[in-house]
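Trainee: need a 3D model of the following:
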Amino acid sequence: MDVFKSNVDVLSKLLPPHLLAPRVGIVCGSGLSTLATCMRGIVEIPYNDLEGFVHSTVPGHKSSLAFGLIGEGEGVPVVAMLGRFHPYEGHVLSSVVYPIRLMAHLGVKDIIITNAAGSLRPSIPVGTIVVIQDHIALPLLTGLNPLLGPPFSPKHARFVPLSDAYSRPLRLAAFRAAHALGLERDALAEGTYTWVSGPTYETPAEGRFLRNAGGDVVGMSTVPEVVAARDEGMNVLVLSLVTNLVVIPDGYRSVREEVEAEIAGQSIVRAPTPTVSHEEVLSVGKQKADVMKSLVAEIIGRLPRA
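Mentor: Below is the predicted model of the structure:
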């Protein structure tokens, strides 16, 4: 716990008093660090200046906390995490979720977690912002859980319920904000996020499995942060920006048939199997950054100021 006090002492020397108690936290996903530009009076604190923080190694992620204001008048004090941490980078889960716990220690009540995700369904095309209502987390079910070990403190529950992990009032606020901004109805969708550890993208069989299990989008982050946020008593909103379609062919192309056709003197021309790249993810994130930024700002502007 001393590390929290140490970081508060550091921040109190670097931040003006009105930014020391942020009301809302934001986690910026791949290619979405520009979300912080919806804030004014920004003060950035490099992760290197704070104890307990590791370094984000993924392209499209910075390594700093941005403090600022969003909304009219005095505004809502906000802290944004510009660059998150992932287990696939080699970070232990306690490090992955440490910034979330620090946000709670600073007074954050509502947290908006964004990510770039792959769509498991043709009905959710690239560019859609999915308001997450539930999740499927295979790593969580099989031993990769940030709450493993002793409770974080005596004040924390041993068993944390997740049936209400995704705040209904915040999800309502997201759709109301979209309406106020005049976004098309299909700009937003609702869905279930599936968490995989990465860093490999899914095989067609894995994508099909996750879709059949009830998943709508898939990604390599977010769920550990959601779990830690709920452990800290924060209200959670997750916005997944669909940056690619998961490769899930209708069926497998038989190489036996191809060889048999060859033997029979016929030829079968096969198109190459499509793949996904991180560059594609970052590109879509850049294209949709302004929409995400406007949506997040509108949501925060609608939150109670108390």
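
Trainee: is Ile136 in contact with Ala213, as I believe?
Mentor: Yes - proximity of Ile136 to Ala213 meets the contact threshold set by Cβ atoms under 8 Å, at 5.8 Å. Just so you know, the C-beta spots here come from the backbone N, C-alpha and C atoms, and that holds for glycine as well.

Trainee: give me the more crowded residue out of the two.
Mentor: Neighbour tally, Ile136 and Ala213, criterion other Cβ atoms under 10 Å: the higher count belongs to Ile136, 18 against 12.

Trainee: that one: what secondary structure?
Mentor: Taking DSSP: H, G, I helix; E, B strand; the rest coil as the rule, one finds Ile136 in the strand state.

Trainee: check Arg270 and give its pLDDT.
Mentor: We note a pLDDT of 78 for Arg270 in this prediction.

Trainee: can you check the one 3 residues further on too?
Mentor: Per-residue pLDDT puts Thr273 at 82.

Trainee: so how many other residues sit close to it?
Mentor: The number of residues packed around Thr273, counting by other Cβ under 10 Å, is 9.

Trainee: what of Val160?
Mentor: 16.

Trainee: anything in contact with each of Ile136 and Ala213?
Mentor: Common neighbours of Ile136 and Ala213, using Cβ atoms under 8 Å, 6 or more residues apart in numbering, are Thr194.

Trainee: report the beta-bridge partners for the closest residue to Leu303 other than its chain neighbours.
Mentor: Nearest residue to Leu303 in three dimensions, chain neighbours excluded: Asp110, at 6.1 Å (Cβ to Cβ, 6 or more residues apart in numbering). For Asp110, the beta-bridge assignment (DSSP bridges) gives partners Val24, Asn235.

Trainee: which residues does Asp110 contact?
Mentor: By Cβ under 8 Å, 6+ apart, the contact set of Asp110 is 23-25, 167, 170, 234-237, 303.

Trainee: nearest to Ser197 among those?
Mentor: Val236 (20.6 Å; Cβ to Cβ).

Trainee: I figured that closest one hits Val226, correct?
Mentor: Yes - when contacts are counted by Cβ under 8 Å, Val236 is listed as touching Val226 (5.5 Å).

Trainee: follow-up on the earlier one: name the member of the contacts of Asp110 with the most neighbours.
Mentor: Compared across the contacts of Asp110, Gly25 has the highest neighbour count, 27 neighbours, by other Cβ under 10 Å.

Trainee: how much space between that one and His105?
Mentor: 11 Å (Cβ to Cβ, to the nearest Å).

Trainee: quick one: what helix or strand has Glu280 in it?
Mentor: helix 278-287 (DSSP states H and E).

Trainee: list the buried ones in that helix?
Mentor: Along helix 278-287, the positions that meet the burial threshold by neighbour count (16 or more other Cβ atoms under 10 Å) are 278, 280-282, 284-285.

Trainee: which helices and strands sit right next to that helix?
Mentor: Helices and strands touching helix 278-287, as assessed by 3 or more Cβ pairs under 8 Å, 6 or more residues apart in numbering; DSSP states H and E, comprise strand 110-119, strand 235-245.

Trainee: okay if I get those as JSON lines plus mean pLDDT and distance to Val255?
Mentor: Shown next, in JSON lines, are those (pLDDT from 0 to 100; distance: least, Cβ to Cβ, whole Å):
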{"stretch": "strand 110-119", "mean pLDDT": "96", "distance to Val255": "26"}
{"stretch": "strand 235-245", "mean pLDDT": "96", "distance to Val255": "24"}
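
Trainee: Glu260 is nearest to which of those?
Mentor: With respect to Glu260, and counting by Cβ to Cβ, the nearest of those is strand 235-245 at 31.3 Å.
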